[in-house]
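Q: below is the sequence, then the predicted model.
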Amino acid sequence: MNQWENALSDLDEVAGLLDIPEEYIVILKNPRRSLIVSLPVRMDDGRVEVFQGFRVQHSLDRGPAKGGLRYHPGVTLDEMKALAMLMTWKCALVKIPYGGAKGGVICEPQGMSHGELERLTRRYTSEVGIILGPEKDIPAPDVNTNPQIMAWIMDTYSANVGYSVPEVVTGKPTEIGGSEGRFDATARGVISTIEEACRVTGTTLEGSTMAVQGAGNVGGNVAKLATDKGAKVVALSDVSGGVYNPDGLNLWAVAARILKTGTVCDTPNCENITNEELLALDVDILVPAALGGTITMDNVGAVKARMVAEAANAPIVPEAERALFDRDIFVIPDILCNAGGVTVSYFEWVQNIQSLLWKEEDVYEKLHEIMVYAFYRVLELGKQRGINMRAAAMVLAVDRVTKAIKARGLYP
Ligand code: GLU
């Protein structure tokens, strides 16, 4: 099954737990809008290369569409549909007034120059610009995109409409309206949910061992923040492989290695391991923070962690996730675990609209409050209904979206 089929199966499962007319589920199984664009880009060697890009808006029921933009060779329309749907649930779960969207371009960003990436981003923004806007759809960083790419989106959109529109995109550099605390917001949200999960399972993050798959914005910052809080991060990986040290990684040495070679592999005083070996490490907390579908029925049996925090989007296929719940492993589902990023994106959008600048401490405090509140709503509903954390998170989210559809009614 591909990611879209998995997303549909999650929705089908929750439909059985909600007392709502089937027609809502039928509506929600279809993304509201899917735009496919061709992006001709002049490459540094003078050739024109045509890239394919997507923007899917799954739902506009609770507000404008919101979601990241990813650059990756594996991007497909079905993946965008699945990730846009996840954004709908995520925004509803943390009660921020957005629907869900996702964008992507099929490309190998690591092999592209700064200029090529800029031209690709500007052309993408211009092509999907017909459905973007602060009241329509607001992109943000995702896999292989960053504040610089958000700045180009803001600049291109602004140039096309003729005035500055910082609120058209979030995750921008702070110099042009980016929010304090947005950069590591996803990781902070992940840590908040892990701390609460530790509390309810009678442990603490301090002193726990952790393995993190993915050394990007989310994984890298989770490893850093967890280390700051006294956890022992024993393994970290990227696409090329991972490094392991049972005494805990020296993250400065790992960061220096990434700066020098572009990968964590061969960091001094560490053992090189594969991504598969990382997932099977005997640790307290496993954090998949890379791409979707990394834990499947083929490798789920090897997972030894006592807690799995889904920092990535859809890192575990539904059947494998159920297998973890059946083994009483505490799984924090993605739509809860990684909702910190979009939550601070919301703060950024609100600040931009009001031309305000919040202090970093205020951003962190409000973020923590929202994450902790959502965590306990999910936990309590799960206990009340005797369902797992994924099902409980989905019940809360889908219920909120269907109530919005009901209130608005069907047009015409
Ligand atoms: N890409 C992030 C996510 O998947 C953030 C989206 C946003 O901030 O809009 O949640």
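A: Received, thanks.
Q: please count neighbours and contacts with C-alpha atoms only from this point.
A: Noted.
Q: so residue 37, which state does it fall into?
A: When classified by DSSP: H, G, I helix; E, B strand; the rest coil, residue 37 comes out as strand.
Q: beta partners of the residue nearest to it when sequence neighbours are not counted?
A: Closest residue in space to residue 37, ignoring its immediate chain neighbours: residue 53 at 5.1 Å, by Cα to Cα, 6 or more residues apart in numbering. With DSSP bridges as the criterion, residue 53 is bridged to residue 37, residue 105.
Q: roughly how far does the nearest residue to residue 217 once chain neighbours are set aside sit from residue 403?
A: Nearest residue to residue 217, sequence neighbours excluded (Cα to Cα, 6+ apart): residue 184, at 7.0 Å. From residue 184 over to residue 403 the distance is 32 Å, taken as Cα to Cα, to the nearest Å.
Q: about what we covered before: what sits against the residue nearest to residue 37?
A: Taking Cα atoms under 8 Å, 6 or more residues apart in numbering, we find residue 53 in contact with 36-39, 103-106, 124.
Q: which of residue 184 and residue 403 has more residues huddled nearby?
A: Shown here are residue 184 and residue 403; by other Cα atoms under 10 Å, residue 184 has more neighbours (19 against 15).
Q: what parts of the stretch 251-400 of the chain come near the ligand?
A: For the stretch 251-400 of the chain, the contact set with the ligand under Cα under 6 Å from any ligand atom comprises 339, 341-342, 345.
Q: and the helices in this protein?
A: Ranges of helices in the chain, per DSSP state H, are 3-15, 22-28, 77-93, 114-128, 147-161, 185-200, 217-228, 251-261, 275-279, 318-326, 334-337, 340-354, 360-385, 389-408.
Q: and those as a markdown table, adding mean pLDDT?
A: Converted to a markdown table, the helices of the chain look like this (pLDDT from 0 to 100):
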| stretch | mean pLDDT |
| --- | --- |
| helix 3-15 | 95 |
| helix 22-28 | 96 |
| helix 77-93 | 98 |
| helix 114-128 | 98 |
| helix 147-161 | 98 |
| helix 185-200 | 98 |
| helix 217-228 | 98 |
| helix 251-261 | 97 |
| helix 275-279 | 98 |
| helix 318-326 | 97 |
| helix 334-337 | 98 |
| helix 340-354 | 98 |
| helix 360-385 | 98 |
| helix 389-408 | 97 |
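Q: quick one, which of the ones you listed gets closest to residue 240.
A: When those are ranked by distance to residue 240, counting by Cα to Cα, first place goes to helix 275-279 at 8.4 Å.
Q: just checking, what packs against the closest one?
A: Other helices and strands packing on helix 275-279, by 3 or more Cα pairs under 8 Å, 6 or more residues apart in numbering; DSSP states H and E, are strand 209-213, strand 232-238, strand 241-244.
Q: can you lay out those as TSV showing distance to residue 138 and mean neighbour count?
A: Compiled in TSV, the helices and strands packed on helix 275-279 are given as follows (distance: least, Cα to Cα, whole Å; neighbours: other Cα atoms under 10 Å):
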stretch	distance to residue 138	mean neighbour count
strand 209-213	28	27
strand 232-238	28	27
strand 241-244	33	24
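Q: which of those strands sits closest to residue 324?
A: With Cα to Cα as the yardstick, what comes closest out of the helices and strands packed on helix 275-279 is strand 209-213 (16.7 Å).
Q: who's in contact with that closest one?
A: Applying Cα under 8 Å, 6+ apart, the contact partners of strand 209-213 are 219, 222-223, 231-238, 242, 275, 278-279, 281, 283-290.
Q: same deal with stretch 97-108?
A: With Cα under 8 Å, 6+ apart as the test, stretch 97-108 has contacts from 51-76, 80-81, 83-89, 91-92, 137, 139.
Q: let's see 7 Å
A: 51-75, 80, 83-85, 87-88, 91 (Cα atoms under 7 Å, 6 or more residues apart in numbering).
Q: point me to the residue of the stretch 201-350 of the chain nearest the ligand.
A: residue 342 (3.4 Å; Cα to the nearest ligand atom).
Q: look up how far residue 348 lies from that residue.
A: Separation of residue 342 from residue 348 (Cα to Cα) stands at 9 Å.
Q: which parts of stretch 341-356 are buried?
A: Residues 341-349, 351-352 are the ones in stretch 341-356 that count as buried (16 or more other Cα atoms under 10 Å).
Q: export those residues to TSV and tack on distance to residue 299?
A: Formatted as TSV, these follow (distance: Cα to Cα, whole Å):
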residue	distance to residue 299
341	28
342	30
343	32
344	34
345	34
346	36
347	38
348	39
349	40
351	44
352	44
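Q: need the max-distance pair from these.
A: Distances among those were taken as Cα to Cα; the most separated pair is 341 and 352, at 16.5 Å.
Q: quick check: residue 18 vs residue 232, distance?
A: 41 Å.
Q: with residue 393 instead?
A: Residue 393 sits 29 Å away from residue 232 when distances are taken as Cα to Cα.
Q: just to revisit the earlier point, so which of the residues of the stretch 251-400 of the chain next to the ligand comes closest to residue 372?
A: Closest approach between these and residue 372, by Cα to Cα: residue 339, at 11.2 Å.
Q: for the closest one, what are its contacts?
A: Taking Cα under 7 Å, 6+ apart as the definition, contacts of residue 339 comprise 90, 186, 189.
Q: what is the nearest of those to residue 323?
A: residue 90 (22.6 Å).
Q: just checking, the closest one touches residue 333?
A: No. The criterion here is Cα atoms under 7 Å, and residue 90 misses it with residue 333 at 10.2 Å.
Q: look at those two and report which has more neighbours.
A: Between residue 90 and residue 333, counted using other Cα under 10 Å, residue 90 has the larger neighbour count: 29 against 26.
Q: what sits up against stretch 325-332?
A: By Cα under 7 Å, 6+ apart, the surrounding residues in contact with stretch 325-332 are 306-310, 388-389.
Q: same check, this time on stretch 118-130
A: If you take Cα under 7 Å, 6+ apart as the criterion, stretch 118-130 is touched by 37, 39, 41, 149, 152-153, 156-157.
Q: surely the residue nearest to residue 217 touches residue 221?
A: Yes. Proximity of residue 184 to residue 221 meets the contact threshold set by Cα under 7 Å, at 6.2 Å.
Q: OK, contacts around residue 340?
A: Residue 340 neighbours (Cα under 7 Å, 6+ apart): 185-186, 188-189, 367, 371.
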